Each structure stands twice: as structure tokens, then as C-alpha cells.
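J.: give me coordinates for this.
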Amino acid sequence: SHIYYDADSIEQVKELCKRIKEKFDVEIGRFWEKNVGPHPMWSVQISYEANKFGRVLPYLMKNRQGLTVFTHPVTGDDYLDHTDHAIWMGSMPELKLDIFEH
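T.: Predicted coordinates for the structure are as follows:
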């Protein structure tokens, strides 16, 4: 899952990630203060195994407080993972999909 944020919401995101890490023992990536990869906004990645999906995703649904959350699997097909296989919560900013082979 990726949580999108900006300068006004970075502290909110850091607090949410802290709670998620403590509650679910997931890996929290770097807090990017620039657009990285296909992401059109600042973002942080939360990585977790499939067996935690059913607990982490509902927690994000209930606790995202207006933040946009983008979740996708890692199947080896980056294009499909970021399009057909993706789940969005909140706004759906356009991804930069031209970086992926299709």
C-alpha cells in the first residue's frame, strides 16, 4: 500500500504509519517528499505479506482520515498491478504508467 500526502499532511501520515507498524509489524518505507516512480504525489510505501492483507486494509480504510491510499499486489506485471489489480481509497490521481512495459 502507498499513502499519498503533502507538506500539510506529512505528520498525519507519519503518525498513521507508526500505529500501523506497531499494530501489524509491517515494513514502512521511506517518506518521499518528491514524486517517485509512477506516483504523482509524495508517498510512503507500507509492505506486508498477503496473510496480513485482511487486517491491514480494513485498518487503512477506517483510519486514513481523508488521505489517499493506493494498494496493489506484486505479481511481476507492474503495469497490471498498478491498473487492473489496484485498489484505491480516496482520490484517484493519474499514475505515470508510461514507465512500465505494456
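
J.: let me see the contact set for Phe24.
T.: Under the criterion of Cβ atoms under 8 Å, 6 or more residues apart in numbering, the contact partners of Phe24 comprise Tyr48, Lys52, Arg55, Val56, Tyr59. Bear in mind the C-beta positions are built from the backbone N, C-alpha and C, glycine included.

J.: report pLDDT for it.
T.: Here the pLDDT value assigned to Phe24 is 98.

J.: what about the helices in this structure?
T.: Assigned by DSSP state H, the helices in the chain fall at 10-24, 53-63, 78-82.

J.: ok, Lys21 to Phe70 distance?
T.: Summarising the geometry, the distance separating Lys21 from Phe70, computed by Cβ to Cβ, to the nearest Å, is 19 Å.

J.: those two: who's more crowded?
T.: For the pair Lys21 and Phe70, the greater number of neighbours falls to Phe70 (23 against 13), based on other Cβ atoms under 10 Å.

J.: contacting residues around that one?
T.: Ser1, His2, Tyr4, His39, Ser43, Ala86, Ile87, Trp88, Met89.

J.: ok, now with 7 Å
T.: Ser1, His2, Tyr4, Ala86, Trp88 (Cβ atoms under 7 Å, 6 or more residues apart in numbering).

J.: before we move on, what about Tyr59?
T.: Ile20, Lys23.

J.: swap in 8 Å and give it another go.
T.: For Tyr59, the set of contacting residues under the criterion of Cβ under 8 Å, 6+ apart consists of Ile20, Lys23, Phe24.
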